[in-house]
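Q: Prediction below, plus the sequence it came from.
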Amino acid sequence: MTPPQDIQRSPQPNGRGNDPCATFIGRARTLFDDKALDHVKAWKAAHPGALAIGHMPIYTPRPLLEALGCLPVAVFGGGEEVDIIRGDSYFQSYICHIPRSTIELALSGTYDVLDGMVFPSICDVIRNLSGMWKMLFPDRYAAYLDLPQNFNSSIGGRFYLHELRRIANDLTARGALPLDDDRLCRALADENRRRRAIARLDALRRTDPWRCPASEAYLLVRAGAGLLAAEHAELLEGFVEAAPRRSGRPLDNVRVVLAGSFCEQPPLDLIVALEKAGCDIVDDDFQLGLRTIEGDINEEAPDPLAALAQAFLDQGRATASRYIDKDEKGRALIDQVQAAQADGVVFAAASFCDPALLDQPMLETALAKAGVPFTSFKFAENNGQFQTIREQAGAFSDSVKLWGAAH
Amino acid sequence: MAEAPGKTAPAAAKDDSQKRQKDMIGAHFAKLARAKENGQKVVYTFVPGNLTELITALDLLPVLPEINALQSGMRKKSAVYIAEAEKAGHSEDVCTYVKCDIGMLKSGNIGPTGERLPEPDLLLLSYTGCFTFLKWFELLQQEYHCPVVMLHVPYQPDGVVTPAMRQYIVDQLENEVVPALEKLAGKKLDRDYLAEKLKLSAQAEDDLVWVWESARHKPSPIDGYFAGVYYIGPIFSAFRGSQDAVDYYRLLRSEVQARIDAGKGPTTPDGDLDDQAVRLVVEGPPNWTSFNDFWHMFSKEKAVIVASTYTRVGGLYDLGFRHDAADPLGTLADYCLGCYTNLGLPSRIELLAKYVRDYSADGFFINSVKSCNSFSAGQLLMLREVEKKTGVPGGFIESDLVDPRYFGKANIENRVQSYLQMLHARRDRSLSQIPARTTAGVQGVLS
């Protein structure tokens, strides 16, 4: 497996040398390839006694963990490199891939560096995985984080604050720093800086997709999985500032929004295959957790924990695992398409992903009403063949270009 | 030996209580069919975490889409409905209850009695123990364009209900659910009337628990899974909190008492199962499309199910919970929190092990359904852990709720039969004082 050769071999998106972004892409690639979590081990060695806390997709309030002196580590399963041997013996054939590779890596010792795991509510599989974790690793901290589906601050917000304090208290009891308003304010400021940097990256993708292909943007965001927010922001800012100096030219591609890959992640080669099929992915929901909160969290609030909770209630991005109580279903995706000036939507859901696949017909209905073309396929994180998907995406791209509609 | 494909097991004979239940359900569906002309408002909701007393205290009529789906499965309609939904773009990977319901809707929404079901005036999304519920009612909202009120019930990952969890539910009930129901009903909730209903709920729950626990007798007078799904019908659907439910469970209890007095077992597709060779605990929902065939696989081998977790999805009354008229909203919160699929895996494992011990089971069997990740994700670990905790062997098959494509009769029957024969042999060895062999490897044979 040698993904993605195109990124490794071409220092510039269009194949030219002397890429001013090479350092940043190289660092992101190194972090992406670090499946053994050596960078987390290095961080722990440099911060004796501090905890590294893993968390599953989609959203975990990382600033809370940072304020407790912990390193949050987003866990996305094994991707395409991990051979599943023991993991398969824990899951039936009709269950998605991410829990089996996560269990595989845990049983093989990869996650021994993590002092705990947080399982945010996303679906029944990840929820039940939290219980499996408790059974399989009774000596390690495992918390299920029930994100509220009621967005009234005096109801869902009050409950969510209890959840956040519970986790903070648990971690403090295990050696993390106590919850402290000043540290939390600083963590919120760092998170805001990171979020702004991601927003700049996303803006660059929309205006100049040839300067920042989705496959590179993916690596750059993914790099933050095991970095503190400030360090990740620095990496992203460095890239965004260097990118305008990249040479290259616009390609005759269609602009698409990719939806449905918020939890189990597609192989990087699959993203490259879509690009090669003529799609500029100008927005997506890959590894959504870092982009869940839209806009700044109030870092100057007198109660920063309440501000963190309120941000989830009021600024949480629409996704399949979040109940849409007021807005029209699919409205957020149409807004995303319009904001990105996209020509269409590619639904890329993991096989057996309940949230994405149950959501999809509703989103398709909304897109059809709005006249937005779409196509869909499923993947697994360990897919190795993309020819069919590439052909499908190519046909979609051609049809949009020729007739402006694909359905 | 497995029977020839295509041969269908006979249905079990019906007791008076079953006939009573059929009449109750028939009357409810007749009311539903006339709801619009009678000006009665209709609330769709789910079985786990259902708020039947609250709904009926406001003279609203509940409809439970899961029950419609399972009845479509039993009436052999589900395959067509699922195909209809898949044709409309619903993935083959997702819950077949949802697709069956959507397909039924698109095919005219004809209910189990042959009459058209009324459209909902409100969707009460009791988000309890199942993520799919959330998407299901979002999908229905797109079809019906009616209001939705959400009740988010927190999960119990550690088997502990914290004050914050309980308060969260009470706050939602007080501030959002009750006002939405009152608005629909056009009147205020009479809390004394609600309390009266909750008293009736507790009476019925007492008798239901007595019936469940009667399976501790040898022979067991009941089948706690296949017949058990009939026993839970009234209390898990439209009747909890009604005199009808109290009367039904009193009648059922008297029938079970009569069987205990006569030393008789339950009625099954193979007649009265008095000679019970194997006692089992079952985890997971049944398959509805081949329900009698599935039951027959056990009853013909003289296996009786003494307890099951599926019959606890609508409430774990045998762990002591009763609706409490003194605290109406608090007790509804406790009820919702305690539903079986709202419990973390360690609690579910403990419960299964407890059932194996309390009901002197010879084994436990997992029917892992493709459609229900809430039940199914983690069941292979549960199998190992319950074996470790109890020392009795587990069996494991995969099927589905209402999609007949996932019920491979010959394959399932072979597995069930191999498992039961192993238990027979184990029991025979035990009776002849030969030390039993280790159970390790049973899973390897069966799955």
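A: Perfect, thanks for sending it.
Q: okay, now residue A:210: neighbour count?
A: 17 (other CB atoms under 10 Å in any protein chain shown). (Glycine included, C-beta is placed from N, CA and C.)
Q: so is the closest residue to it other than its chain neighbours in a helix, a strand, or just coil?
A: Using CB to CB, 6 or more residues apart in numbering or on different chains and skipping residues adjacent in sequence, the residue nearest residue A:210 is residue A:248, 4.7 Å away. Recorded secondary structure, residue A:248: coil (DSSP: H, G, I helix; E, B strand; the rest coil).
Q: quick one: pLDDT of residue A:248?
A: You'll see residue A:248 listed with a pLDDT of 82.
Q: tell me the SS of residue A:57?
A: Going by three-state DSSP: residue A:57 is coil.
Q: got a list of what residue B:25 touches?
A: B:112, B:233, B:234, B:237, B:238 (CB atoms under 8 Å, 6 or more residues apart in numbering or on different chains).
Q: In which helix or strand does it reside?
A: Assessed by DSSP states H and E, residue B:25 sits inside helix B:16-33.
Q: can I have that helix written out in PDB, keeping just the CAs?
A: Output in PDB follows, covering the C-alpha atoms of helix B:16-33 (Å, rounded to 0.1, in the frame of the first residue of the first chain):
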ATOM      1  CA  ASP B  16     -58.000 -17.000  26.700                       C
ATOM      2  CA  SER B  17     -55.600 -14.200  27.500                       C
ATOM      3  CA  GLN B  18     -54.300 -14.200  24.000                       C
ATOM      4  CA  LYS B  19     -57.800 -13.900  22.700                       C
ATOM      5  CA  ARG B  20     -58.500 -11.100  25.100                       C
ATOM      6  CA  GLN B  21     -55.300  -9.300  23.900                       C
ATOM      7  CA  LYS B  22     -56.400  -9.700  20.300                       C
ATOM      8  CA  ASP B  23     -59.700  -8.100  21.100                       C
ATOM      9  CA  MET B  24     -58.000  -5.200  22.900                       C
ATOM     10  CA  ILE B  25     -55.600  -4.600  20.100                       C
ATOM     11  CA  GLY B  26     -58.400  -4.900  17.500                       C
ATOM     12  CA  ALA B  27     -60.500  -2.300  19.400                       C
ATOM     13  CA  HIS B  28     -57.500   0.000  19.500                       C
ATOM     14  CA  PHE B  29     -56.900  -0.200  15.800                       C
ATOM     15  CA  ALA B  30     -60.600   0.300  15.200                       C
ATOM     16  CA  LYS B  31     -60.400   3.500  17.300                       C
ATOM     17  CA  LEU B  32     -57.400   4.600  15.300                       C
ATOM     18  CA  ALA B  33     -59.200   3.900  12.000                       C
END
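Q: any idea how far it is from the chain center?
A: In terms of CA atoms, centre = their mean, to the nearest Å, the gap separating the centre of helix B:16-33 from the centre of its chain is 18 Å.
Q: Could you do stretch A:130-143 as well?
A: 23 Å.
Q: Endpoint to endpoint, that stretch covers what distance?
A: Taking CA to CA, to the nearest Å, the first and last residues of stretch A:130-143 lie 7 Å apart.
Q: so where is chain B shaky, pLDDT-wise?
A: B:1-13, B:433-447 (pLDDT under 70).
Q: 80 instead?
A: Within chain B, the stretches with pLDDT under 80 are B:1-14, B:430-447.
Q: Compute the first-to-last residue distance for stretch B:162-180.
A: First residue to last in stretch B:162-180 (CA to CA) measures 26 Å.
Q: picking that back up, including secondary structure, could the contacts of residue B:25 go into a markdown table?
A: Listed next are the contacts of residue B:25 as a markdown table, based on three-state DSSP:
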| residue | secondary structure |
| --- | --- |
| B:112 | coil |
| B:233 | helix |
| B:234 | helix |
| B:237 | coil |
| B:238 | coil |
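Q: Thought residue A:240 was touching residue A:21, still the case?
A: No: when contacts are counted by CB atoms under 8 Å, residue A:21 is not listed as touching residue A:240 (9.2 Å).
Q: Which single residue in chain A comes nearest to chain B?
A: residue A:131 (2.7 Å; CB to the nearest CB).
Q: quick one, what contacts that residue?
A: Residue A:131 sits next to A:144, B:157, B:344, B:345, B:346, B:348, B:378 when contact means CB under 8 Å, 6+ apart.
Q: again, only using 6 Å
A: The contact partners of residue A:131, by CB atoms under 6 Å, 6 or more residues apart in numbering or on different chains, come to B:344, B:345, B:346.
Q: Narrow these to just the buried residues.
A: Those of the contacts of residue A:131 that meet the buried threshold are B:344, B:345, B:346, by 16 or more other CB atoms under 10 Å in any protein chain shown.
Q: now, which of the residues you listed lie within strands?
A: With strands defined by DSSP state E, no entry of those lies inside them.
Q: I'd like those residues as a markdown table, with distance to residue B:164 appended.
A: Output for the buried ones among the contacts of residue A:131, formatted as a markdown table (distance: CB to CB, whole Å):
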| residue | distance to residue B:164 |
| --- | --- |
| B:344 | 17 |
| B:345 | 22 |
| B:346 | 20 |
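Q: what does the stretch 251-400 of chain B have sitting close to chain A?
A: B:344, B:345, B:346, B:368, B:370, B:373, B:374, B:377, B:378, B:380, B:381, B:398 (CB under 6 Å from any CB of the partner chain).
Q: just to revisit the earlier point, tell me which of the contacts of residue A:131 is nearest to residue A:402?
A: residue B:345 (51.9 Å; CB to CB).
Q: SS state for residue B:371?
A: coil.
Q: ok, now residue A:281?
A: Residue A:281 ends up strand, using three-state DSSP.
Q: Contact distance from chain B - what residues of the stretch 51-200 of chain A qualify?
A: Going by CB under 6 Å from any CB, the residues of the stretch 51-200 of chain A near chain B are A:90, A:92, A:94-95, A:123-125, A:128, A:130-132, A:134-135, A:144, A:146, A:149-150, A:155, A:159, A:162.
Q: Please name the nearest non-neighbouring residue to the residue in chain B positioned nearest to chain A.
A: Shortest chain B-to-chain A distance, computed as CB to the nearest CB: residue-wise this is residue B:345, at 2.7 Å. Residue nearest to residue B:345 in three dimensions, not counting chain neighbours: residue A:131, with 2.7 Å by CB to CB, 6+ apart.
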